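Compute the structure for the input listed below.
(one chain, ligands or ions: 1)
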Amino acid sequence: MRAVWITRAGGPEVLEVRTTPNPSPAAGEIRIRVHAAGLNFAEVMARQGLYPDAPRLPCVVGYEVAGVVDAHGPGVDGPAIGSRVLALVRFGGHAELVCAPVAQVVELPDALGFEEAAAIPVNYLTAYHMLFRVANLRAGHRILVHMAAGGVGLAVLQLCRTVPDVVTFGTASAGKHEVLREFGCTHPIDYRTEDYAARVRALTGGDGVDIVLDPLGGRDWKRGMRLLRPVGQLIAYGFANAASGERRSILRLARQAVGVPLLSPLGLMNQNRTVSGVNLGHLWGRPDLLREELSALMDLWHAGVVKPRIDGVYPFDRAADAHRRLGERHNIGKVLLVPSG
Ligand SMILES: NC(=O)c1ccc[n+]([C@@H]2O[C@H](COP(=O)([O-])OP(=O)(O)OC[C@H]3O[C@@H](n4cnc5c(N)ncnc54)[C@H](OP(=O)(O)O)[C@@H]3O)[C@@H](O)[C@H]2O)c1
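Model (predicted):
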């Protein structure tokens, strides 16, 4: 089978399409012939050598796929061979074939296409889990959403619309603000030309917000903490600030690391604040929870709420362009990889 390999840490040029023997499904697994796979920011970081969870290089990454079941491992009797499915996989998704534990596989409704399906799992599970399980989003909440025009950001904005009177502040480059508004963002903020924290303060009469969703990390976590009203919550779920540019920079990493706020339970108690962490990649031990949330998302897809915006679809041999699209901050929504053009 063909797959997109990260051959070593570096710029997009380190990606190579290689052919290797087909994988065999182990007990409890099915094998999927991949029709579309999601590309996530974590995988761009993995290519840069900045993602500690990634397999050792050289490797094939990819957390989510949609395709057709083409083999069963021992002890598996469904979904049937030929079924259309989506799956969460712990790497290896950027390939023509991938094996997945059945617990992480969901059958697709006929009307849900492979590309749309592959755009759902990581972005929407992250968004749903943060909003409804961790942050307990309620009517009237004010929420600051960073990287708002990315895959997770747009999913967050779309899901916020299911709760009345939620006020959203979304940071993104100015050229993406029209799309943010289409997705229901109340206050798009161009973080490149203005101080987003000052703007949020001005827009809230100095009061701040109830929830900060922060995948940037470093100094931004400190700034986000200061924007919380009493009973506010900051959810840390990424460290994109470590990855600006095409390659790893130790200096940039160190600068961001010293910006990370020091927290104490006593301080949090006295300020009535909560800091939470979310890492979907570390929830594989809770397939029950992932399935429950994925099933809620499929219901929301049926209800017309979940509608991923696909920014672009790239064949494997143009994977470098797909990585550049994210790394150079051009994407609005999901970038997908497909086996052939
Ligand atoms: N913890 C979890 O379980 C989990 C799951 C999924 C994603 N994440 C994290 O969530 C974040 C968003 O992921 P995603 O896949 O939705 O992102 P994405 O679609 O790749 O979004 C990329 C966009 O983010 C903006 N951006 C802001 N700061 C950036 C930076 N330093 N470098 C590059 N782009 C930057 C850019 O848009 P502008 O031009 O508008 O700035 C860029 O187009 C990432 O940090 C990712 O690691 C975490």
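
When you work out contacts or count neighbours from here on, use the C-alpha atoms and nothing else.
Fine.

How confident was the prediction at Arg247?
According to the prediction, Arg247 has pLDDT 67.

Then the one 3 residues further on?
You'll see Ile250 listed with a pLDDT of 76.

tell me, how many neighbours does it end up with?
Residues near Ile250, counting by other C-alpha atoms under 10 Å, number 10.

Can you give me the separation between it and the ligand?
When distance is defined by C-alpha to the nearest ligand atom, to the nearest Å, Ile250 is 15 Å away from the ligand.

Same question for Thr126.
To the ligand, Thr126 is 5 Å away according to C-alpha to the nearest ligand atom.

what's near enough to touch Val179?
Ala149, Ile332 (C-alpha atoms under 8 Å, 6 or more residues apart in numbering).

mind checking which helix or strand it is in?
Using DSSP states H and E, Val179 sits in helix 177-182.

I'd say Leu159 and Met130 touch.
No - with contact defined as C-alpha atoms under 8 Å, Leu159 does not reach Met130; the gap is 10.7 Å.

Quick check: Gly62 vs Pro287, distance?
The spacing between Gly62 and Pro287, counted by C-alpha to C-alpha, to the nearest Å, is 18 Å.

Pull out the buried residues from the helix holding Val179.
Neighbour-count burial for helix 177-182 flags His177, Val179, Leu180 (criterion: 16 or more other C-alpha atoms under 10 Å).

The next helix or strand after it near the ligand anywhere?
Counting by DSSP H and E, the next helix or strand C-terminal to helix 177-182 is strand 187-189. No - judged by C-alpha under 6 Å from any ligand atom, strand 187-189 stays clear of the ligand, getting no closer than 9.5 Å.

In its sheet, which strands sit next to strand 187-189, and in what direction?
Using DSSP bridges, the strands paired with strand 187-189 are strand 167-171 (parallel).

Show the average pLDDT along the partner strand.
Strand 167-171 comes out with an average pLDDT of 98.

For that strand, which outside residues touch it?
140-149, 157, 180, 184-191, 196, 200.

Repeat the analysis, applying 6 Å as the threshold.
If you take C-alpha atoms under 6 Å, 6 or more residues apart in numbering as the criterion, strand 167-171 is touched by 142-148, 185-191.

Which one (most neighbours) among these?
Ala148 (30 neighbours).

pLDDT wise, what is that one at?
Predicted confidence (pLDDT) for Ala148: 98.

For the protein, which residues are neighbours of the ligand?
Residues of the chain found near the ligand (C-alpha under 6 Å from any ligand atom) are 40-42, 122-123, 126, 147, 149-153, 172-173, 215-216, 237-241, 243-244, 278-281, 326-327, 329-331, 333-334.

tell me how far the helix holding Val179 is from the chain's mean position?
On the basis of C-alpha atoms, centre = their mean, to the nearest Å, helix 177-182 sits 19 Å off its chain's mean C-alpha point.

swap in stretch 14-25?
Centroid separation between stretch 14-25 and its chain, computed with C-alpha atoms, centre = their mean, is 24 Å.

cool, and stretch 54-63?
Taking C-alpha atoms, centre = their mean, one finds stretch 54-63 lying 17 Å from the centre of the chain it belongs to.

Repeat that for stretch 181-193.
19 Å.

State the mean pLDDT of that stretch.
Mean predicted confidence for stretch 181-193 is 98.

contacting residues around that stretch?
If you take C-alpha under 6 Å, 6+ apart as the criterion, stretch 181-193 is touched by Leu157, Gln158, Val167, Thr168, Phe169, Gly170, Thr171, Ala172, Ser173, Ala174, His177.

From Arg226, how far out is the nearest residue to the second one once chain neighbours are set aside?
Pointing back at Gln158 there. Nearest non-adjacent residue to Gln158, counting by C-alpha to C-alpha, 6 or more residues apart in numbering: Phe183, 5.8 Å away. Distance, Phe183 to Arg226, by C-alpha to C-alpha: 27 Å.
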